[in-house]
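[1] the amino acid sequence is not available; the structure is as follows:
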């Protein structure tokens, strides 16, 4: 059964709790270099069944960097930050970014106009792991329906960026499709998001595939906003074999995105440093087979 990233994010338990605040003095600024990584949602079922074995397989393929999609109760895939960091280090891997939805009900105290300890722990655990980016991959429909509500959450995005900056990181936002199909007046949500977030504080992680279901092309977006995408979800798309969406992801270079041209523009614009592979549908292959093929293709392309 296919599980879209959209459904996964909406249904996942994203709660985090407990622990002791760590000193921001422990964390140095992250290195500013280009890297190739993998979003672990690509192998979500494998990470549930055998997370250590799955990470070992990915390391054998050549992956040195991963991006998490599972942080619950201050644990990554069931491991404490200390445990997970050691596992990755022993495999010659690191985690330069991760996905945790910034939930306004849980992470923002409107009365105090400050983040709750739960979000502060999220940021500090990310910093302990050596992340450069703390990325929120969703925006609730209630926020999107009102421009005023949207502008309010974007201001909180900037505040989250300030919090992350204290730990040598940036906050980030990852798109799906609605950012391009939904509008306020003549402006798409994505226009409003980029025009009201401070690029010094908030990184935009462009997903080169998701936006096709929003009726736009990746090449047009990267040309419209040059230098704004420090992080990229490298994804290709084909016509969907089923489900509610018109397009689904596929092996890199095999779809309609014109992917190499897109990522080359992002690299050469001077903006993109993180190239994070993501494939959520597999067209009869196993997820791990696809991850190996995707990695090899990116290496052939010089990444």
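    Nice, I can see it. Since the model is a prediction, treat every value here as computed from it, not as a measurement.
[2] report pLDDT for the spatially most distant residue from the centre of the chain.
    Here the chain reaches farthest from its C-alpha mean at residue 111, the gap being 29.3 Å by C-alpha atoms, centre = their mean. If you check residue 111, the pLDDT there is 97.
[3] give the buried residues for stretch 176-192.
    For stretch 176-192, the neighbour count (16 or more other C-beta atoms under 10 Å) marks 176-180, 182, 184, 188-192 as buried. For every residue, glycine as well, the C-beta is placed using N, CA and C.
[4] cool, and stretch 199-212?
    Buried residues in stretch 199-212, counted by 16+ other C-beta under 10 Å: 201-212.
[5] now these in JSON lines, with pLDDT, distance to residue 33 and secondary structure?
    Shown next, in JSON lines, are these (pLDDT from 0 to 100; distance: C-beta to C-beta, whole Å; DSSP: H, G, I helix; E, B strand; the rest coil):
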{"residue": "201", "pLDDT": "98", "distance to residue 33": "21", "secondary structure": "coil"}
{"residue": "202", "pLDDT": "98", "distance to residue 33": "21", "secondary structure": "strand"}
{"residue": "203", "pLDDT": "98", "distance to residue 33": "15", "secondary structure": "strand"}
{"residue": "204", "pLDDT": "98", "distance to residue 33": "19", "secondary structure": "strand"}
{"residue": "205", "pLDDT": "98", "distance to residue 33": "17", "secondary structure": "strand"}
{"residue": "206", "pLDDT": "98", "distance to residue 33": "19", "secondary structure": "strand"}
{"residue": "207", "pLDDT": "98", "distance to residue 33": "22", "secondary structure": "strand"}
{"residue": "208", "pLDDT": "98", "distance to residue 33": "21", "secondary structure": "coil"}
{"residue": "209", "pLDDT": "98", "distance to residue 33": "25", "secondary structure": "coil"}
{"residue": "210", "pLDDT": "98", "distance to residue 33": "26", "secondary structure": "helix"}
{"residue": "211", "pLDDT": "98", "distance to residue 33": "27", "secondary structure": "helix"}
{"residue": "212", "pLDDT": "97", "distance to residue 33": "30", "secondary structure": "helix"}
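[6] so residue 81 touches residue 125, yeah?
    Yes. Between residue 81 and residue 125 there is a contact under C-beta atoms under 8 Å: 4.8 Å.
[7] which one's more surrounded, those two?
    The neighbour count for residue 81 versus residue 125, taken as other C-beta atoms under 10 Å, is higher for residue 125 (25 against 21).
[8] mind checking how far that one is from residue 113?
    To residue 113, residue 125 is 23 Å away according to C-beta to C-beta, to the nearest Å.
[9] can you check residue 225 too?
    As for residue 225, its distance to residue 113 is 30 Å (criterion: C-beta to C-beta).
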